[in-house]
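>>> Whatever this is, show me its structure:
(chains A and B)
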Amino acid sequence: MATFLLLALFLCTTTGGEIAMTYGMKATGEPERLRPKQVLRFLSRAVCNGWFWVGIPLMAISFYLLLILLSWQPISFVIPASALSNVVGTLGAKYILKEEVNAARWAGVLLVCVGVALVSLDSIPVR
Amino acid sequence: MVLAMVVCANVGDLLLKRGMSTIGAVRFTVSGLGQAFGLTVANPIIWLGIFFLLGFMICYMTVLSWADYSYVMPAGAFGYAVLTFLAVIFLHESVSPRRWFGVVLICIGVMLVGQTKPRTTEVVAPQKGVA
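Numbering: from 1, shown residues only, chains lettered A, B, ... in the order given. As a prediction, this is how the structure comes out:
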């Protein structure tokens, strides 16, 4: 039970952090070129954005929750279960970030989720 | 950029798992969490993992500045397919049909998402493109 509560908290903080980060990066604007100098300039602009500082603590919490989950459960459980963040994240992208998630994108996300689960479940030892 | 993101994320995750395995199960109490935090920050494998995850973060932030979150996110799963191919080619591991099926689903999923428009929201702070 504690594992599933922790997993739910992990999914919420992951999605919340990434949505805040996406919002901040969109507001920052893309780097002029993919050269170290321009990317560094972009990063310095990004860290001045308030949404970046909303996203970072949430992502830090989700990171620490992932560490706890990994110490409690085998990676073959944690990684497939964390693949659910694709679905939660897509819902967040659609309803919070107002991204256009069409049928093809939904189908792709769901296929990726099932695929990740199958790939990871394969490594669970048979009892 | 997305490929660098995928490589950094997967190497980082593997290093974290290895580092946390040396620490053992974390007790979910104040003292247990404090003790785990102390052991975590003193572990060089965890720091190496964090270094790779920092590389992932920079790539991720850059990509998110111009592409949709729902477009970038599924691409991260492509790492599972890459890892499987690397395991077969370099480690000569045998891969079960179930795992191959999972890899095929991931590849189709990433291709489906890849065919959609990378950006569907309005430009907030217009800059010269990197795509």
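
>>> Please identify the nearest residue in space to residue 75, excluding sequence neighbours.
By default, I'm working from chain A. Nearest non-adjacent residue to A:Ile75, counting by C-beta to C-beta, 6 or more residues apart in numbering or on different chains: B:Lys17, 5.2 Å away. From N, CA and C alone the C-beta is placed, and that goes for glycine too.

>>> actually it's chain B I care about, not the one you picked
That would be B:Val2: by C-beta to C-beta, 6+ apart, it lies 5.1 Å from B:Ala75.

>>> what's the distance between the one you found and B:Cys59?
8 Å (C-beta to C-beta, to the nearest Å).

>>> quick one: A:Leu84 from B:Ile23, how far?
A:Leu84 is 26 Å from B:Ile23, by C-beta to C-beta.

>>> ok, the residue lying closest to A:Gly50 once chain neighbours are set aside - contacts?
Leaving aside its sequence neighbours, A:Gly50 sits nearest to A:Gly24 (C-beta to C-beta, 6+ apart; 7.3 Å). Contacts of A:Gly24 were listed using C-beta atoms under 8 Å, 6 or more residues apart in numbering or on different chains, and they are A:Ala46, A:Asn49, A:Gly50, A:Trp51, A:Phe52, A:Val54, A:Gly55.

>>> averaged over its residues, what pLDDT does the one helix or strand A:Phe52 maps to have?
A:Phe52 is part of helix A:50-72, with elements assigned from DSSP states H and E. Across helix A:50-72, the average pLDDT comes to 90.

>>> One more: stretch B:73-91?
Mean predicted confidence for stretch B:73-91 is 77.

>>> got the contact list for that stretch?
With contact meaning C-beta under 8 Å, 6+ apart, stretch B:73-91 is reached by A:18, A:83, A:86, A:89-90, A:93, A:108-109, A:112, A:115-116, A:119-120, B:2, B:5-7, B:9-10, B:93, B:95, B:99-100, B:102-103, B:106-107, B:109-110, B:113-114.

>>> So B:Val2 and B:Cys59 - more neighbours on which side?
Using other C-beta atoms under 10 Å in any protein chain shown, the more surrounded residue of B:Val2 and B:Cys59 is B:Cys59, with 21 against 17.

>>> quick one: low-confidence ranges for chain B?
B:90-91, B:123-131 (pLDDT under 70).

>>> In which helix or strand does the residue lying farthest from the centre of it reside?
What lies farthest from the middle of chain B is B:Ser31; by C-alpha atoms, centre = their mean that is 30.4 Å. In the assignment (DSSP H and E), B:Ser31 maps to helix B:30-41.

>>> Contacts for that helix, please.
The contact list for helix B:30-41 (C-beta under 8 Å, 6+ apart) reads A:Leu67, A:Ile68, A:Ser71, B:Gly19, B:Met20, B:Ile23, B:Val26, B:Arg27, B:Ile46.
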